[in-house]
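[1] sequence unknown, structure follows:
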């Protein structure tokens, strides 16, 4: 299923992980804009279009969500359960991109219908390979970005 727009929402509280993921996305040729939010509560506000995210021109609805599991305030699994409990979000493609390799986290995420569960690698070359997988997910679920204004933060 394709979703309008070409924005990837990255939900991750670690600024170093965000920095390296964005570099890997560039290296892998990810063409979608990436907007970063730092915790699960901010992700929910972004997805609902509440708070500072009410302007969908400035903050377009994402075509793909990348969730970390271990975050403050509301973790990635809580955000995923929230998404799946709301009809308008239940089919939104979600990939878990996390350092958690715990079976229970993976099993819960998979039971909620995620696209992929990816453990963040340490080596940059492996991170680029992960970014290439994400690029393929984005190509499947997102419109091609032609000349979209940058929403990167």
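    Happy to help now that I have it. Since the structure is predicted, the reported quantities are computational estimates derived from the model, not experimental observations.

[2] quickly list what the residue nearest the centre of the chain is bridged to.
    Against the mean C-alpha coordinate of the chain, by CA atoms, centre = their mean, the closest residue is residue 66 at 1.9 Å. Residue 66 forms beta bridges with residue 10, residue 95, as assigned by DSSP bridges.

[3] distance of residue 28 from residue 123?
    For residue 28, the distance to residue 123 equals 14 Å [CB to CB, to the nearest Å]. C-beta here means a position set from N, CA and C on the backbone, and glycine is covered the same way.

[4] who's more crowded, these two?
    residue 28 (18 against 8; other CB atoms under 10 Å).

[5] quick one, phi psi at the more buried one?
    phi -80, psi -10 (degrees, to the nearest 10).

[6] and what of the one 4 residues further on?
    Taking degrees, to the nearest 10, you get phi -70, psi 150 for the backbone angles of residue 32.

[7] am I right that it is in contact with residue 63?
    Yes: if you go by CB atoms under 8 Å, residue 32 and residue 63 touch, sitting 7.2 Å apart.

[8] hmm, back to that, need the per-residue pLDDT for the residue nearest to the centre of the chain.
    According to the prediction, residue 66 has pLDDT 98.

[9] what mean pLDDT does the helix or strand hosting residue 21 get?
    In the assignment (DSSP states H and E), residue 21 maps to helix 15-28. For helix 15-28, mean pLDDT rounds to 97.

[10] buried residues in it?
    17, 18, 20, 21, 22, 24, 25, 28 (16 or more other CB atoms under 10 Å).
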